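[1] Output the structure for:
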Amino acid sequence: MSRDPRSTSDNRRMLGRLAVVVALMFGFGYLLVPMYRTICTALGINVLTVSEDRNNDGIWGGAGGQKPSNSQVDLTRTITVEFDANVSGPWEFSPEQRSVQVHPGQLTTVMYRFRNTLARPAVVQAIPSYAPRVAAEYFKKVECFCFTQHTLAAGEAKRWPVVFVVDTGLPRDVHTITLSYTFFEVGGRMPAAPDT
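    Alright, predicted model coming up:
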């Protein structure tokens, strides 16, 4: 059987077209990441790459080391955020400042201090609560020591950040939010009674 030369030519053209389609699909997929970044940056919603703008010391890069402006901050409102620390056990635990004034949408960092006063290591964790209760839905923590358990050596002291944003959707009748942490030892272990 002999092949029809026209059929062979049609097959080659079809193969060429398919190769062009594959190359175009690959190129489009390759360009999606830079296109996504450009669109998000233009719209001011590029929150996933904020950490790329800071060096390892947490200092913002760019012109003059200034933090980039966030066009989603509601400058017409000011919310007082109060910080409270409770302990269940013999610890020292407190915020470095009792309150801050923030605008909804503004990224804010506060520090907490903790010290294990026990003569042994302890595995500890913090549980947050909010007042008023409705605030929990609008208080967004970006970084918090409450996300994980921590093992601290006897007498070890730590400083931990809480990085948060109060969502701009917070009801207008809420002017103060209290963030309260209860710090406890995982498993509820208490120190042994001293020998007498």
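
[2] Now the residue most central in space within the chain: which helix or strand?
    Central residue of the chain (C-alpha atoms, centre = their mean): residue 142, 2.4 Å from the mean position. Per DSSP states H and E: residue 142 is located in strand 139-144.

[3] low-confidence ranges in the protein?
    1-3, 36, 40-71, 188-196 (pLDDT under 70).

[4] Domain-wise, how is it divided?
    1-68, 79-185 (automatic domain parsing).

[5] Buried deepest among those domains, which one?
    domain 79-185 (a mean of 16; mean count of other C-beta atoms under 10 Å). To be clear about C-beta, it is placed using only N, CA and C from the backbone, and glycine gets the same treatment.

[6] thought residue 90 was touching residue 117?
    Yes. If you go by C-beta atoms under 8 Å, residue 90 and residue 117 touch, sitting 5.1 Å apart.

[7] secondary structure class for residue 173?
    Put simply, residue 173 is coil when judged by DSSP: H, G, I helix; E, B strand; the rest coil.

[8] give the contact list for it.
    Contacts for residue 173 (C-beta atoms under 8 Å, 6 or more residues apart in numbering) come out as none.

[9] Against residue 86, how distant is residue 101?
    From residue 101 across to residue 86, the span is 23 Å (C-beta to C-beta, to the nearest Å).

[10] for the protein, what spans make up the strands?
    With DSSP state E as the criterion, the chain has strands at 79-88, 91-95, 99-102, 108-116, 122-131, 139-144, 150-152, 157-166, 176-185.
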